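J.: Sharing a model prediction with you, sequence too.
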Amino acid sequence: MDDAVDAALDELGLPRQAAAQARPAWEEPSTVADGMATQREMAAQRDAAAQLGAALRALTDASVRTLAPTATLLDVAARITQCLPALTAEQRDVGEPAPLDDPVAKLWLYNPVIGQANPIAPWLETTLVDGVLTGRATLGLPYQGPRGYLHGGVSAMMLDQVLGDVVSASGRSGLTVSLSARYRRPVPLLAPLLVVGRVVEVADRKITAAGTIALESEPDQPLVEGVGIFVVPRPDQAARLFGAFGAPAPDTPGTPGTVPSAAVPPNQPSTA
């Protein structure tokens with residue numbers, strides 16, 4: 001392994017803002033009935049969080065499209081502000097696990113790319129078949145760069161997510177240390193897209209994955225091509241980077257990547 005990569009990993013850090021009093025860990029229900037009730041309550045809360053995320057995405061889309069007059073904009077802004085106390089009365093801190101996430105089911109509600117409850121997420125729906133991860137999404141005006149086309153940074157974010165997830169699915173997940181993108185043609189808005197990723201090389205702790213973004217109607221005509229290099233951190237690196245947050249689960253998705261199961265205890269992570 002390149003010493004320069006290890007040195008770069010050693011220089012990484014995360015904000016030391018873990019909650020002073022983290023919520024207590026979830027405990028196994030004492031009875032089957034209690035467990036079923038808890039599961040139903042959790043499912044209902046997840047559905048509500050996803051509905052809130054969808055409503056906020058719709059609100060965001062409307063806000064960047066609207067031609068409403070000044071008075072209407074100010075009125076809507078005031079009404080939204082009135083809603084904030086209900087959502088801020090109880091909050092988790094930076095690095096604190098999201099209680100609604102489910103690492104076993106690989107459900108990450110607040111991930112900024114695939115999280116149904118995250119209002120900034122394009123909500124890329126992904127499937128894994130024979131080692132190939134495919135994401136589907138249709139993005140609108142909130143993600144615009146050049147007029148009528150997707151912002152290049154959003155393309156890179158989606159590629160990083162898909163490449164990181166397919167690396168994780170391979171069983172040797174690591175931190176993103178390099179991501180390169182080649183923009184062949186502009187990516188149109190409001191068109192169904194395919195984001196595809198696969199692992200192409202494994203060399204010790206270094207994993208290389210490649211992917212593309214294309215129109216669903218023209219899957220063999222890539223609009224954007226990307227290559228990501230991921231490095232499995234040493235146990236001491238993983239403990240230093242994530243130890244302040246109680247250590248993430250081994251398959252946490254997204255940038256900067258994921259941590260191998262041998263490196264840290266299997267605690268629930270916060271999505272990133």
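T.: Arrived safely, thanks for sending.
J.: Tell me the spatial nearest neighbour of residue 53, not counting adjacent residues.
T.: Distances taken as Cβ to Cβ, 6 or more residues apart in numbering place residue 117 nearest to residue 53, at 4.0 Å, with adjacent residues excluded. C-beta coordinates here come from the backbone N, C-alpha and C atoms, glycine included.
J.: For residue 51, see how far away that neighbour is.
T.: Residue 117 sits 9 Å away from residue 51, going by Cβ to Cβ, to the nearest Å.
J.: returning to what we had before: Provide a list of residues in contact with the residue nearest to residue 53.
T.: 46, 49, 50, 52, 53, 100, 109, 110 (Cβ atoms under 8 Å, 6 or more residues apart in numbering).
J.: quick one: secondary structure of it?
T.: coil (DSSP: H, G, I helix; E, B strand; the rest coil).
J.: same deal with the one 3 residues further on?
T.: Reducing the assignment at residue 120 to three states with three-state DSSP gives coil.
J.: my guess is it meets residue 110, correct?
T.: No. Counting by Cβ atoms under 8 Å, residue 120 sits too far from residue 110 to count as a contact (9.9 Å).
J.: which one of these two has more residues nearby?
T.: Of the pair residue 120 and residue 110, residue 110 is the one with more neighbours under other Cβ atoms under 10 Å, namely 21 against 15.
J.: Return the per-residue confidence for the more buried one.
T.: Note for residue 110: predicted pLDDT of 96.
J.: Residue 260 now?
T.: Residue-level pLDDT assigned to residue 260 equals 32.
J.: Also the one 5 residues further on?
T.: At residue 265, the model reports a pLDDT of 26.
J.: Same question for residue 268.
T.: With respect to pLDDT, residue 268 has a value of 29.
J.: again with the one 4 residues further on
T.: You'll see residue 272 listed with a pLDDT of 28.
J.: Likewise for residue 99?
T.: 93.
J.: Can you verify residue 230 is assigned to a helix?
T.: No. With three-state DSSP as the criterion, residue 230 is located in strand rather than a helix.
J.: tell me the contacts of it?
T.: By Cβ under 8 Å, 6+ apart, the contact set of residue 230 is 163-164, 167, 173-177, 206-209, 257.
J.: and of these, the nearest to residue 233?
T.: Closest approach between those and residue 233, by Cβ to Cβ: residue 175, at 5.8 Å.
J.: Which strand residues bridge the closest one?
T.: For residue 175, the beta-bridge partners are residue 231, residue 257 (DSSP bridges).
J.: ok, it to residue 62 distance?
T.: As it turns out, when the distance is counted by Cβ to Cβ, residue 175 lies 37 Å from residue 62.
J.: Just give me how far stretch 122-142 sits from the chain centre.
T.: 12 Å (Cα atoms, centre = their mean, to the nearest Å).
J.: Kindly apply the preceding question to stretch 66-78 instead.
T.: Worked out by Cα atoms, centre = their mean, stretch 66-78 lies 31 Å from the chain centre.
J.: then it to PDB, C-alphas only?
T.: Output of stretch 66-78 as PDB, limited to C-alpha atoms (Å, rounded to 0.1, in the frame of the first residue of the first chain):
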ATOM      1  CA  THR A  66     -42.100  29.700  -8.300                       C
ATOM      2  CA  LEU A  67     -42.800  33.100  -9.800                       C
ATOM      3  CA  ALA A  68     -44.900  34.100  -6.900                       C
ATOM      4  CA  PRO A  69     -44.900  37.800  -5.800                       C
ATOM      5  CA  THR A  70     -42.900  39.100  -2.900                       C
ATOM      6  CA  ALA A  71     -45.900  39.000  -0.500                       C
ATOM      7  CA  THR A  72     -46.500  35.400  -1.200                       C
ATOM      8  CA  LEU A  73     -42.800  34.500  -0.700                       C
ATOM      9  CA  LEU A  74     -42.700  36.300   2.600                       C
ATOM     10  CA  ASP A  75     -45.900  34.700   3.800                       C
ATOM     11  CA  VAL A  76     -44.700  31.200   2.900                       C
ATOM     12  CA  ALA A  77     -41.300  31.800   4.500                       C
ATOM     13  CA  ALA A  78     -43.000  32.900   7.700                       C
END
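J.: what residues does it touch?
T.: The contact list for stretch 66-78 (Cβ under 8 Å, 6+ apart) is empty.
J.: what do you get for stretch 129-140?
T.: 61, 114, 122-128, 150, 154, 158, 161-162, 165-166, 169-170, 189-199, 216.
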